[in-house]
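1. Starting from these lines, generate the structure:
(one chain, ligands or ions: 3)
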Amino acid sequence: MSKKSTNTEIHVRHYATCEYCGREMDHGCNRHWYVINRKKYEAIKNGDDGSEGVCHDCNARPGEYHHPGCDMEVCPKCGGQLISCGCHISDKVIVETYKKLKL
Ligand SMILES: [Zn+2]
Ligand SMILES: [Zn+2]
Ligand SMILES: [Zn+2]
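-> Ligands and ions are numbered 1, 2, ... in the order given. Model (predicted):
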């Protein structure tokens with residue numbers, strides 16, 4: 001957000017802001033866990049699910065976490081698509097407090 005602005009409006013891109021990490025979704029999310037049946041499951045990183053490249057939905061780089069709600073995120077419990085697998089019964093998402101991501 002504190003990038004130098006160049007007054008050019010050619011490359012203005014708007015990213016949605018993640019409500020969990022508080023950052024724009026132009027990079028991956030903070031480390032986070034889902035609570036499923038009272039158990040904590042660490043989120044699966046982009047790439048650890050066998051996919052390649054930058055996530056088309058939330059822009060997580062390989063090795064970064066998807067933002068919660070991303071339709072590419074894999075359920076850490078059953079391995080299905082997290083937003084539709086039905087495991088994610090708790091809305092509780094635990095997000096690690098972040099120490100400034102180096103971009
Ligand atoms: Zn996020
Ligand atoms: Zn994603
Ligand atoms: Zn699941």
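2. What score does the spatially most central residue of the chain have for pLDDT?
-> In the chain, the C-alpha nearest the mean C-alpha coordinate belongs to His67, at 1.8 Å (CA atoms, centre = their mean). For His67, the model assigns a pLDDT of 95.
3. Which residues lie in contact with it in this structure?
-> Residues touching His67, when contacts are defined by CB atoms under 8 Å, 6 or more residues apart in numbering, comprise Cys18, Tyr20, Cys21, Met25, Gly28, Cys29, Cys58, Ala60. Backbone N, C-alpha and C define where each C-beta goes, glycine included.
4. what do you get for Cys29?
-> By CB under 8 Å, 6+ apart, the contact set of Cys29 is 18, 20-21, 23, 43, 58, 60, 64-68, 95.
5. any idea how far it is from Asn37?
-> 23 Å (CB to CB, to the nearest Å).
6. so which strand or helix has Val35?
-> With elements delineated by DSSP states H and E, Val35 resides in strand 32-36, which encompasses its position.
7. For the following helix or strand past that strand, name the packing helices and strands.
-> Beyond strand 32-36 in the direction of the C-terminus, DSSP H and E gives the next helix or strand as strand 39-42. Contact here means 3 or more CB pairs under 8 Å, 6 or more residues apart in numbering; DSSP states H and E; on that basis strand 39-42 packs against strand 32-36.
8. quick one on the thing from earlier: out of the contacts of Cys29, which is nearest to Cys78?
-> Distances from these to Cys78 were compared by CB to CB; the smallest belongs to Ala43, at 13.6 Å.
9. Near that closest one, how many other residues are there?
-> Burial of Ala43 is recorded as 25 neighbouring residues (other CB atoms under 10 Å).
10. could you point out where the chain is predicted with low confidence?
-> Applying pLDDT under 70 to the chain picks out residues 1-13, 88-91, 97-103.
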